[in-house]
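Trainee: Here is a sequence with its predicted model. Questions after.
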Amino acid sequence: MVTDLIKIPCVRNLVFRDHLQAYPESIINVTLHNVIVTHKQPDGNYKELWIFYTNMDAIQPKFPMKTEFRSQLPLSPSLASVYTIVLRLKTLETCYFDVPVLDDAIKLAESLDALIANTDGLTCDVTFLFPFCFSRDFDVIQDGWTAFSVESEYSRLQAISDEWRISDVNKDFAICETYPERLVVPKSISDDYLKRSAAFRAHNRFPLLCYLHKSSKSCIIRSSQPLVGPSVRRCKEDESVVNAMLTQRNKKGWILDTRHPNIIKSAQSKGGGCEPDQYYALWRRLNWNLEKHNLLQESFMKLMDACIDQSEKDRWLSKLEGSNWLLHVKETLKTACTVAQTIDCEETSVLVHGSDGWDTTLLVTSLAQILLDPDCRTITGFEALIEREWIQAGHPFRTRCTRSAFGRSSHGYESPIFTLFLDCTWQLLQQFACSFEFNDTLLIELFEHAYSSKFGTFIFNNEKEKKKYNGIKQTVSLWSYFNRPEILHTFLNPFYEPNPNVLWPSVAAPSIVLWRSLYLRFYENQTPQREAWDEYLLIKEKEMQLRSYVNKLRQELLELERKCTEKASNTTSIIKTEKDPVTI
Amino acid sequence: MNRQLFIEVLRQISSTFDLFKSFLSHEDYLKVENVLVIDRANNRQYVSGTIYLTATHLLFDDPENKRQTWILLPLISSADKLPTTQQGCPLRVRTKHFLSIEFIIPKERDCTDLHATLNQLKCDSIEKLYCFNYVAPTYLEKVWDPFLLATEYMRMGVPNREWRTETCNSSFEMCDTYPSLFYVPTSTTKAMLIASSKFRSRGRLPVLTYLHPNGASITRCSQPLSGFSQRCVEDEQLLQCILKTNSQSSTMYIIDTRPRINAVANRAAGKGYENEDHYSNIQFKFCPIENIHVMRGSLQKLLETCEMKNPSMNQYLNSLDNSSWLQHIKAVLDAAIFIARAVEVEKKNVLVHCSDGWDRTAQCCSLSELLLCPSYRSIHGFRMLIEKEWLSFGHKFGDRCGHTRVTDIKEQSPIFLQFIEIVWQLTQIYPSAFEFNERFLISLHDHCHSCQYGNFIGNCEKDRLDLRVKERTYSYWNYVLQNVNDFKNPAFRPQSAYASEVLIPTLNTQTLKFWLNMYHRFDSSLLPKENISNTLTNLVDHTAALNDHARLLEKRIRELRSVLDNGLSSYENIQNHVSQSTKILPDHDSSSNGNELPSSTIETKQSSAPTSSCDVESEIRDDQSLSGQPSSIPVTLQHQSSTEINEIPCNERIAFELNSVALDWRSYRTPFQCMCALPMDSAQRKHVCWRCGENFCSRCIEHGVRLPGLYSNSAAPVCKTCTRSIKSSLSMIECSKNLSTVTMKPSSLTDDENQI
């Protein structure tokens, strides 16, 4: 029982601190899903802060926890000595609780520790998580669960090409557990071929269309690695499936493997590998060395370690360099640019895969779409992209986001892949400040919801799981929450001017910069930045108002002018008789 | 980030190359053809063109891309011949505004010639600096609006009971690097000052530089000549006098902005720092900022980082870190924050010095004042700050920027650049607290080096007086004033909570950013492709244009209404309509921009009142015109040549007016090329023609055109095509005016309304 884990339900009279302020005489209540911190605001009112266990990343008590050390501590600590619990949240915030009584502090720390472990993404019972208890407190304008359907994607596709159909081959997740039930596949390929191809691919993730370029009709395809193995097996159906996606015009394609050749070799010895040239003669191969999920996690942890380091001794830039995070950002963007270049300039289709096809593969395919497709740079388009390329494509959000930058789970499956995607998007946003309909608030919100959320959008590993736990009925979609005017308008970029072109960002080292408004947002005062942003909004609004006002005036003037002409021709004779001017 | 300097040069010489050639006598320029330049973004690509070397500029003309690179000779910091390669003889030119360009010259002799000439052209005497020959465009006058140190001190409430003016330096006999008057505590005597001056390095005795409203002050001086045991009773007394000016604290700070070890080392040379045993009630503190030589080396490394060809992320960060540039920036800012805190929070007097008191002291004093006093964050106030802390108190611009060939290279140091960069870092932390923008800071930096204006010539006030710069040169501040729109920060919010107060930032090492737009400004491929600050400037300009146009439309509507209603003779109707339209008008008063045009509400109210002379006047004319020619109403139309008021048929006139102002402006992204085929990158300042709404480069826009669709009679930026079409329409209207039977006497209508 969860209630057994709560060793102390309430601690009073503690000091609650974050990086910018301290609130004495705060109270902490430990409940089933969260702790509630009641703290006094400067204006005298009390405010409640809810911290969900799903949002707690790591707990670092600044005192010995084990009983054998307790004897070493003074029995009755003076007021000056307090016992600090440092709570690191997945949203990258840090909270400090200065508890005056050691016994309370230990009990609190132990309770929190156990409760955090209880929400681990791999082992916990999903239905126990808060999204299953959350009841909607707003009116839904558009249900997020049904907002992005395969059908609507398909109709978009049909406008470009009629060589595709919707297949029910994966009904009840019969052939692939991590793909959605309905899929868009080439018309020329029968379901049987797909089944065979699925059997030849890791986790049955057979090649699937993810983007069709309007001008060149070349497409981005993603899959998992083929199960070639040491004996170099072959699957003719799989070959037909990928070949069916080549364009008529350019009968050649690229296969972009996101792994280093050495890794491919070792994968091959374990039954995986990559497409042998002799069987995939129409395809040329390209390797990019994108790091695996566990290395990214290490990098993310080092990055945040550098970001929260307040000491003067260590050189910040060398710590930043040591984290390699910006290197990963740069490499990812570069890979996405390569894909975009192939699609747009060479007019050649690209098949992207790594090993499982649900981590770095998605990173590359989704970023390439942002570069290529102006629709993905709108709010709805971006949501659709995440729904399509991440959620329905089976990125295991629950296991990947079970820990953020401060914690480590026992199984080591956590990884900031989605964070890296958001960071790369932000890099594009800051290089093309007027080409995106949204601002970085949307990206930050997405980051937070991916790690800890009231909503069901990011708590499942794939569509099958969502169906199994009846997620659509039992939880609320994040998109339902986002797509309401009062929320949407906070995401709007006042400088947005639709840009129909393909984006070619700079991936040179000086152009890649740290996303301060995410990583440092709790460690630097953000008020001046927010105020400046408000000012930008005002400037834009004023311009818009004035524009429509001038437009109105112009119409009015032309109308008056017309009347004048009419009246003048009607009344010429009258005026001629009344010659007296108006007296002053 | 912008090429303000080039734009300036272009304006000044000519927009066409032919004129430029005639500007020079034939033997005055050297020409080298078929020169290759490596594109820095793409190592394998070359552009080929011609180098022209004139008395003032090095010009690289790339005819294929229609791109010209102008380099003002005083800005060239070095020209180096590199080992000959297959393609030719490379000559690398580096400038003080961070352009690094490698010319590959086919013939070695040409390269040697060019190299030698460039070195010879470097100014060998202060008298020959560019500012003494520079001829500014006509809109700039050789007027120096006088800066009086006394006015600035008056603003701080000095002289007062505690502080008095001291004039004993009126002919620089006491200290030649100080201003001719300075401010000292009232309780000091002349003897005390003279003795103290002799005890301080270069005679730079402690004098007042800033008085905070709470009574705490910042004073500045140079290091004392204390050596190991020397003391000066008068200097000690002077410090006590300073301490006593502030009754709120019994102690004061002496900030030595050097690292302790440097200060100690100076004692061996008979200099050093104040001995706390001799100076009572003193809190002594070292703020470790490195000396000019370390800073020069650090900048050198920083620039090497910038010149790296395709560095990997880690190489780049590593190199940036090794330059220690941001650490030095932080050290200076930390010291400034400490001083600001001491003055604002602890309410203590602070005496700041370094070695000679003109480098680190100037940085720390000016930055802490920028934090303390909101008025220094305006463009005007910032000028005052620079005039006071840097120019009056003798920062050696001539030596530090290396204006002439004769300056010792060891005297050069990026002290002022660091100051500018820290101001930029502050604008990043507080985006709406400063009236000026990044472009202004960059322009200021460049003109310290360009020697185009006389402001930053020489090493102290005395030098500039001796050189008579005010008579012989143009003032930079005049240039700023003329282009003030380019330099304004659209997000400036002077009344916001934090901007109106003392700024005391909490500074982490993570806070400081690398200034891409300064050091990489010529690598346009590295810069963000779309730039928010340019877009904002564009929005603000568009708002101004629309506002002006709206006021004219309102007026025309009123006029037409009165024509219509005249027959019905119903005044209420006008008033109703007018008040309706006023309601719809966006609230101009709530805007935070100080440069807003006056609200039209007042104006409409006045004109709807029957007693208003102008309105009545226009009615009379309406009657007359109606009686004469039914379909016409009087016209007030100004064009650039005269303010005469003409009459034309109304339909034609209104269409003409509507045509002359664009409702929508082309977004900033769309043009990658100006009409003249000049490629433009995101860093360049684009100009929008107010008539057609298209984007143009600075060469294709004219600034002196008055648009008939604007209410105010001010000149607007208009492109060349539109200028021509406006001029031809105007002459057409002239013709129709002659045909028209009714003419009106000129009236003062427009002038009256402009004053409202």
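Mentor: Received it, and whenever you're ready, just let me know what you need.

Trainee: can you list the domain ranges for chain A.
Mentor: A:2-119, A:150-524 (the TED database).

Trainee: hey, which of the ones you listed is tucked in deepest?
Mentor: Each of the domains of chain A was assessed for mean neighbour count using mean count of other CB atoms under 10 Å in any protein chain shown. The highest is domain A:150-524, with a mean of 20. Glycine gets a C-beta too; all of them are placed from N, C-alpha and C.

Trainee: got the end-to-end distance for that one?
Mentor: 43 Å (CA to CA, to the nearest Å).

Trainee: Turn the domains of chain A into TSV, columns for distance to residue B:257.
Mentor: Shown next, in TSV, are the domains of chain A (distance: least, CB to CB, whole Å):
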stretch	distance to residue B:257
domain A:2-119	29
domain A:150-524	18
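
Trainee: Spell out which residues sit in contact with residue 187, please.
Mentor: With no chain named, the answer covers chain A. Applying CB atoms under 8 Å, 6 or more residues apart in numbering or on different chains, we find residue A:187 in contact with A:162-165.

Trainee: To clarify, I was referring to chain B.
Mentor: B:241, B:244.

Trainee: Tell me which residue in the stretch 151-300 of chain A sits closest to chain B.
Mentor: Relative to chain B, the nearest point of the stretch 151-300 of chain A is residue A:299 (11.7 Å; CB to the nearest CB).

Trainee: what about the helix of greatest length in chain A and chain B, any contact?
Mentor: If you go by DSSP state H, chain A has its longest helix at helix A:527-577. Yes. Contact of helix A:527-577 with chain B (CB under 8 Å from any CB of the partner chain) involves A:527-529, A:531-532, A:535-536, A:538-540, A:542-543, A:545-547, A:549-554, A:556-558, A:560-561, A:563-565, A:567-569, A:571-572, A:574-576.

Trainee: Now the buried members of those.
Mentor: A:528-529, A:531-532, A:535-536, A:538-540, A:542-543, A:545-547, A:549-550, A:553-554, A:556-557, A:560-561, A:564, A:567-568, A:575 (16 or more other CB atoms under 10 Å in any protein chain shown).

Trainee: related to what we said a few turns ago, if you average pLDDT over each of the domains of chain A, which comes out lowest?
Mentor: Lowest mean pLDDT within the domains of chain A: domain A:2-119, a mean of 83.

Trainee: gap between the two ends of that domain?
Mentor: For domain A:2-119, the end-to-end distance is 10 Å (CA to CA).

Trainee: cool, and stretch A:380-399?
Mentor: End-to-end distance for stretch A:380-399: 26 Å, by CA to CA.

Trainee: State the distance from the closest residue in space to residue B:123 that isn't next to it in sequence to residue B:125.
Mentor: Nearest residue to residue B:123, sequence neighbours excluded (CB to CB, 6 or more residues apart in numbering or on different chains): residue B:404, at 4.9 Å. Per CB to CB, to the nearest Å, residue B:404 is found 6 Å from residue B:125.

Trainee: With residue B:538 instead?
Mentor: In terms of CB to CB, residue B:538 sits 44 Å off from residue B:125.

Trainee: now do residue B:507
Mentor: 43 Å.

Trainee: now, among the contacts of residue A:187, which is nearest to residue A:11?
Mentor: residue A:164 (59.6 Å; CB to CB).

Trainee: how about residue 375, what does it touch?
Mentor: Defaulting to chain A. A:381, A:384.

Trainee: meant chain B, my bad for not saying
Mentor: With contact set as CB under 8 Å, 6+ apart, residue B:375 has these partners: B:155, B:381.

Trainee: who in the stretch 201-350 of chain A is up against chain B?
Mentor: Counting by CB under 8 Å from any CB, the stretch 201-350 of chain A sits next to chain B at A:306-307, A:310, A:312, A:315-318, A:320-321, A:324, A:326-327, A:330.

Trainee: List the backbone torsions phi and psi for the residue in the stretch 1-150 of chain A that chain B sits nearest to.
Mentor: Closest approach between the stretch 1-150 of chain A and chain B, counting by CB to the nearest CB: residue A:20, at 8.3 Å. Per-residue torsions, residue A:20: phi -110, psi -20 (degrees, to the nearest 10).

Trainee: Quick check: closest non-adjacent residue to it.
Mentor: Counting by CB to CB, 6+ apart, the residue nearest residue A:20 is residue A:525, at 6.2 Å.

Trainee: now swap in residue B:122 and tell me
Mentor: Nearest non-adjacent residue to residue B:122 (CB to CB, 6+ apart): residue B:405, at 4.5 Å.

Trainee: and the closest residue to residue B:353 other than its chain neighbours, what does it touch?
Mentor: Nearest residue to residue B:353, sequence neighbours excluded (CB to CB, 6+ apart): residue B:221, at 4.9 Å. Residue B:221 sits next to B:200, B:204-207, B:351-353, B:357, B:361 when contact means CB under 8 Å, 6+ apart.

Trainee: Can I get those residues in JSON lines including secondary structure?
Mentor: Listed next are the contacts of residue B:221 as JSON lines, based on DSSP: H, G, I helix; E, B strand; the rest coil:
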{"residue": "B:200", "secondary structure": "strand"}
{"residue": "B:204", "secondary structure": "coil"}
{"residue": "B:205", "secondary structure": "coil"}
{"residue": "B:206", "secondary structure": "coil"}
{"residue": "B:207", "secondary structure": "strand"}
{"residue": "B:351", "secondary structure": "strand"}
{"residue": "B:352", "secondary structure": "strand"}
{"residue": "B:353", "secondary structure": "strand"}
{"residue": "B:357", "secondary structure": "coil"}
{"residue": "B:361", "secondary structure": "helix"}
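
Trainee: out of these, which are buried?
Mentor: Looks like the contacts of residue B:221 have B:200, B:204-207, B:351-353, B:357, B:361 buried, using 16+ other CB under 10 Å.

Trainee: For chain A, state which of the residues you listed is nearest.
Mentor: residue B:352 (22.0 Å).

Trainee: need the contact list for that closest one.
Mentor: By CB under 8 Å, 6+ apart, the neighbours of residue B:352 are B:218-221, B:255, B:257, B:339, B:361, B:364-365.

Trainee: 10 Å - rerun?
Mentor: By CB atoms under 10 Å, 6 or more residues apart in numbering or on different chains, the contact set of residue B:352 is B:206, B:209-210, B:218-221, B:253-257, B:287, B:335-336, B:339, B:360-365, B:368.

Trainee: other SSEs contacting the one helix or strand residue B:466 maps to?
Mentor: Using DSSP states H and E, residue B:466 falls within helix B:461-467. When contacts are defined as 3 or more CB pairs under 10 Å, 6 or more residues apart in numbering or on different chains; DSSP states H and E, helix B:461-467 sits against helix B:397-401.
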